[in-house]
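1. Kindly generate the corresponding structure for this input.
(chains A, B, C and D)
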2 protein chains.
Amino acid sequence: MDALTINEAAETTGWSPRMLRYIERMGLVEPERSTGGYRLYGPGELQRLRTLRGLLDEHGLALGEVGFARRMQHDDALRTTVEDWLEAEPSRPAHVPADDWLTWEQDKHERLVAEAARRADTTASNLTETL
Amino acid sequence: MDALTINEAAETTGWSPRMLRYIERMGLVEPERSTGGYRLYGPGELQRLRTLRGLLDEHGLALGEVGFARRMQHDDALRTTVEDWLEAEPSRPAHVPADDWLTWEQDKHERLVAEAARRADTTASNLTETL
DNA sequence: GTAACCTTGACACGATCGTGGTAAGGTTAC
DNA sequence: GTAACCTTACCACGATCGTGTCAAGGTTAC
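-> Predicted coordinates:
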């Protein structure tokens, strides 16, 4: 059985078991189930979980945002509606983004990066190196 | 001066002045400014604000989500990174979305629609029909 | 010039997000 | 068969979101 249970997956990926369930709820990583209902994380899922961590840290994203991106990708009506709305920006010459927005985003990014750093040492790493 | 000030814009669009400022912060609708710093909403912005309301209600979206979609559209690195991650879903035959996720999203949608309904009657409508 | 409106900034407050814990019960491995 | 692990379902808690209100001060219209 080359698949890890939730606690094993948690240890190799650095996510808590709690968060693995949450991530599944978001539709981001949905492991197979054993006949008894246990989650079974294969190499694909494990890799995905690790890159997810990087994805979030790199751009200061939240899980909900990635979940939303996924939803947009799967729901054509949603995606086109949103894109149409966004593309219809009123004519503004040389669209200079509000400074406010920029610094706001930067602050958010810093907060999230700090958070990531705090979390980094908690990320133990041993157990079956299944990848 | 065929542009409305924030309170006038609020009345014609149904958003509160407070929310118009918030929406601006999100980078979703950024009106011009008078020399003295007053926000000036032109027909384009007003239309955009009205369709924004529809956009949110129709798909049960939150402002932050549209803001995120906008950010993804403007930030190439962000968009491609997220898209790449999403496209690399581990091979799952006939991807059946977790029922849990579905009902969860439905619940959320219902909540937001209910919210929208509650808000609908508060949406007065008089003032300069500038569109 | 003054009344009515606008600006930013702060405090507030319920709802949701991200996370952890715990309880009651089923599954797996040996 | 039993110890160790898993499941779902709750309660909790700080942080952020969406929204309102208020204060101190500048702008606009007449």
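
2. these two touch, right, A:W85 and B:E58?
-> No: taking C-beta atoms under 8 Å as the contact criterion, A:W85 and B:E58 are not neighbours in contact, 10.4 Å apart. C-beta: built from backbone N, CA, C; applies to glycine.

3. Neighbour count: those two, which is higher?
-> Legend: neighbour count by other C-beta atoms under 10 Å in any protein chain shown for A:W85 and B:E58, higher for A:W85 (19 against 15).

4. how near is the more buried one to B:R70?
-> Counting by C-beta to C-beta, to the nearest Å, the separation of A:W85 from B:R70 is 9 Å.

5. before we move on, what about A:W15?
-> Relative to B:R70, and taking C-beta to C-beta, A:W15 is found at 29 Å.

6. which of those two has more neighbours?
-> Ranked by neighbour count (other C-beta under 10 Å), A:W15 and B:R70 place A:W15 first, with 22 against 17.

7. count of residues packed around the residue in chain A that DNA strand C sits nearest to?
-> Each residue of chain A has a distance to DNA strand C, by C-beta to the nearest atom of the strand, and the smallest belongs to A:G36, at 2.1 Å. With neighbours defined by other C-beta under 10 Å, the count for A:G36 comes to 5.

8. Likewise for the one 10 residues further on?
-> Close neighbours of A:L46, defined as other C-beta under 10 Å, add up to 21.

9. Excluding chain neighbours, what is closest to A:I23?
-> Excluding its sequence neighbours, the residue lying closest to A:I23 (C-beta to C-beta, 6 or more residues apart in numbering or on different chains) is A:V29, at 5.2 Å.

10. Give the residue spans of chain A that score low on pLDDT.
-> Counting by pLDDT under 70, chain A shows low-confidence ranges at A:1, A:90-131.
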